[in-house]
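A.B. asks: Structure, please.
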Amino acid sequence: MRCRTMSVRRWIQDHPRPLEWAYRVAEKLFSVLDPLLARVGYDRVDRLIRPFERWSKGPLFGCRMCGQCVLRKTGMTCPMTCPKQLRNGPCGGVRPGGYCEVYADRRCIWTEAFERSQHMRIYGERILDVQPPVDWTLQGQSAWVNMLRHELPALRTVDRGHA
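C.D. replies: All right, here's what the predicted structure looks like:
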């Protein structure tokens, strides 16, 4: 069963365009629903969404529930699955053929992230973005809710500044 799950997971990750589209739809949906979700309370919404997020992103991406999902910026590849948990590209020890320094039988997460990002039309260039350090106080929380709490307000402020 594990082999079959891994092959489905690999196929889905290696074909990121449908995921990219789904992510874009979810992002817009959450943005539209944000006023309602804010009224309900982000903590309450977090408790409701977190199990679904864990259930969906865990098997598909190896999600570690860091609370700060950057899948769309990393070729739909979770950087937290890197043995060194590097969020801004590979370490200096990538082996020939793109294999991991720590686990020689596995491809480097960042090699895969870069290759997958090349197939993404919407977010593909985001692989070049510098990611902030992990805020470990958010671990275990819903990254979707944290996006509403932290990313969207910052984007609205930037948008107002350019208006």
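
A.B. asks: How about residues contacting the lengthiest helix in the chain?
C.D. replies: Longest helix in the chain by number of residues, with DSSP state H as the criterion: helix 16-40. Here helix 16-40 makes contact (CB atoms under 8 Å, 6 or more residues apart in numbering) with 12-13, 45, 71-72, 75-76, 116-117, 119-123, 144-145, 147-148, 152. (Glycine included, C-beta is placed from N, CA and C.)

A.B. asks: how about 10 Å then?
C.D. replies: 12-13, 42, 44-46, 48-49, 60-61, 69, 71-72, 75-77, 113, 115-124, 144-145, 147-149, 151-153, 155-156 (CB atoms under 10 Å, 6 or more residues apart in numbering).

A.B. asks: I figured Q139 was touching C69, is that so?
C.D. replies: No: applying CB atoms under 10 Å, one finds Q139 not in contact with C69, separated by 11.9 Å.

A.B. asks: Now the common contact residues for these two.
C.D. replies: Contact criterion CB under 10 Å, 6+ apart; residues shared by Q139 and C69: M80.

A.B. asks: And these two? Which one has more around it.
C.D. replies: Neighbours per residue (other CB atoms under 10 Å) separate Q139 from C69, with C69 holding more: 21 against 13.

A.B. asks: Find the helix or strand that that one is a member of.
C.D. replies: Here C69, judged by DSSP states H and E, is contained in no helix and no strand.

A.B. asks: quick one: contacts for the residue lying closest to it once chain neighbours are set aside?
C.D. replies: Nearest residue to C69, sequence neighbours excluded (CB to CB, 6 or more residues apart in numbering): A143, at 3.5 Å. By CB under 10 Å, 6+ apart, A143 lies in contact with 49-50, 53, 57, 63, 65-71, 151.

A.B. asks: at 7 Å what do you get?
C.D. replies: E53, G67, Q68, C69 (CB atoms under 7 Å, 6 or more residues apart in numbering).

A.B. asks: Dihedrals phi and psi, the last one?
C.D. replies: This points to C69. Main-chain torsions, C69, degrees, to the nearest 10: phi -60, psi 130.

A.B. asks: what's the burial count for Q85?
C.D. replies: Residues near Q85, counting by other CB under 10 Å, number 13.

A.B. asks: ditto for E20
C.D. replies: Here the count is done by other CB under 10 Å, and E20 has 22 residues near it.
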